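Trainee: All I have is the shape, not the residue letters:
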DNA sequence: GCAGTAAGTGGTCATCGTGTCCACTTATCT
DNA sequence: AGATAAGTGGACACGATGACCACTTACTGC
C-alpha cells in the first residue's frame, strides 16, 4: 500500500516548473492582484485545465512561490540564533521577527499581495505559524490574555499595509524602526 | 451661476433612498463581499443603469451608508469631550479612539467589509481622517518620526482583521483591552 | 398651464474571468 | 509491447462588470 504510489511524471514536473517561473515573472511585472489564471496559462504555454489540476486558484500559486522563503524564516524562528531564535527577551525577538518580515515583504511583496486575493489571508498556513509565534512571545512576556493581541500585532504586517507604506515614500528602515517601537508593548 | 443649479428630482431622491435601504439590508443579510450590483438593483426595484449613475461600484454604496456614522465619530474626535476629544493625554485619547472604532466595527462591520472590495481601503476619505488623527496624537506624544507608526497603529482596525477576531470567538471587550495595551506605545 | 430641456431610468450588450468537464495524449509500470 | 492511469488543453456555461442608449419624467422659464 505504500509501493503503489507512482512518482510524478516527468512532463508534469516540467510543466509545474514552467508555471511557477511564468507566474513569478507575471507577479513581478504587473500588479499581482490583476494577474489572471489565463495570463499564467498563456505565459507558461499550458492549458487552463493543467493549471487548475494543481492549483485551485491564483493564491495557491503565489503561496507555492512564497513557501520556500517563508520556511527559511520559520526555521530561524524556531531554532536559529538569537534574537530571531530562542534565547533573547521576547521584546527583542518580536522586533527581530518584524525586521525579518519587512525584509521578506520588501523582496517578495508582490507574491504576498497575490496570496491575498479572495481575502483568505487568515486561512493560509503561514498566518497561523506567525500567529503561534507571536502568541508564544506574548505569553513569555507575561501578557495576561495574549490571544486578542496576537492578531493585532500581526495586522501591521498585512501585505497591503506594507505596500501602502512603501507607496507613500516610507523606507523599509523607517517601517522597521516603527515596528520596533511597537514591539515594546511586550514590556512591563 | 448659482441659480442655474437644478435641485434633485423627487423620483431620483426616492430611488436613492430605496437603493440605500435595500443595500443596507443585503449587506447585513449575507457576506457583504458577495453582494453584487445586480442584487442591489433587483432588491431596490431599479435598473442597473440607475445604480451606476450615482455609484460607480459597490464600495461607494457602502461608503455612503457608513458616512453618517463615521462623521459623528469624527466630530467627537475633533470637538467632543475627553478622552475622545481634546484635553486628555495622547495615550488615553488613542485608547478611546480604539474603543470607539471597535464599537463602530461591531455595529457596522458588514458595511466596513463592503467598503474594502477592490482593495481601496487606503484611498477612502475616512482612512485619511483616522490617519491624520493618530498622526497628531503620536506627534503630541513626542514620537520622533510618527509617519510610519500611523499606518501601523491603524492596521489592527482593518475590517477583515476585526471580523477574523470576532470569528475566532473573541469579544469586543477583549479586543478593546488588547488595543488599549497597544495604545501604550505612545508612552515614554 | 405649456412647451422645452436636461436629468433620470432601466434594459441590453459586449467583455472578461472563473471553474468545470471531457475526449485525447503520453509517460510509466508490468 | 500493451495496459493503465496520470496528465493535458481547449471548449463550455456561468456570473459579474460597466458602458451604452432610446425612452420617460420631473422641473424650468415663458
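Mentor: Yes, it's here. Bear in mind the structure is a predicted one, so any value in this text is a computation, not a measurement.

Trainee: Need the nearest residue in space to residue A:150, chain neighbours excluded.
Mentor: Computed as CB to CB, 6 or more residues apart in numbering or on different chains, the closest residue to residue A:150 that is not its neighbour in sequence is residue A:135, at 4.5 Å. Using the backbone N, CA and C atoms, a C-beta is placed for each residue, glycine as well.

Trainee: Ok, residue A:149 next?
Mentor: Among residues not flanking residue A:149 along the chain, residue B:178 sits closest, at 4.3 Å (CB to CB, 6+ apart).

Trainee: Same check on residue A:76?
Mentor: Distance criterion CB to CB, 6+ apart; nearest residue to residue A:76, sequence neighbours excluded, is residue A:84 at 4.9 Å.

Trainee: which residues does that neighbour contact?
Mentor: Shown in contact with residue A:84 (CB atoms under 8 Å, 6 or more residues apart in numbering or on different chains): A:76-77, A:93, A:96-97, A:100.

Trainee: On the three-state scheme, the residue nearest to residue A:149 is what?
Mentor: On the three-state scheme (DSSP: H, G, I helix; E, B strand; the rest coil), residue B:178 is labelled helix.

Trainee: Contacts for stretch A:123-140, please.
Mentor: Where contact means CB under 8 Å, 6+ apart, the residues beyond stretch A:123-140 that reach it are A:59, A:63, A:66, A:70, A:74, A:77, A:90, A:93-94, A:97, A:101, A:115, A:121, A:146-147, A:149-151, A:153-154, A:157, A:186.

Trainee: one step back: and the residue nearest to residue A:150, which helix or strand is it part of?
Mentor: Secondary-structure assignment from DSSP states H and E places residue A:135 in helix A:125-140.

Trainee: That helix: how far from the chain's middle?
Mentor: Here the centre of helix A:125-140 is set off from its chain's centre by 14 Å, with CA atoms, centre = their mean, to the nearest Å.

Trainee: now the following helix or strand past that helix, how far from the chain's geometric center?
Mentor: Note on helix A:125-140: by DSSP H and E, the next helix or strand toward the C-terminus is helix A:146-154. When C-alpha coordinates are averaged (CA atoms, centre = their mean), helix A:146-154 and its chain have centres 17 Å apart.

Trainee: now for helix A:146-154, which elements pack on it?
Mentor: Contacts defined by 3 or more CB pairs under 8 Å, 6 or more residues apart in numbering or on different chains; DSSP states H and E place helix A:146-154 against helix A:125-140, helix B:159-167, helix B:172-183.

Trainee: Let me have those in a markdown table, extended by mean pLDDT and mean neighbour count.
Mentor: Output for these, formatted as a markdown table (pLDDT from 0 to 100; neighbours: other CB atoms under 10 Å in any protein chain shown):
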| stretch | mean pLDDT | mean neighbour count |
| --- | --- | --- |
| helix A:125-140 | 96 | 17 |
| helix B:159-167 | 97 | 19 |
| helix B:172-183 | 98 | 20 |
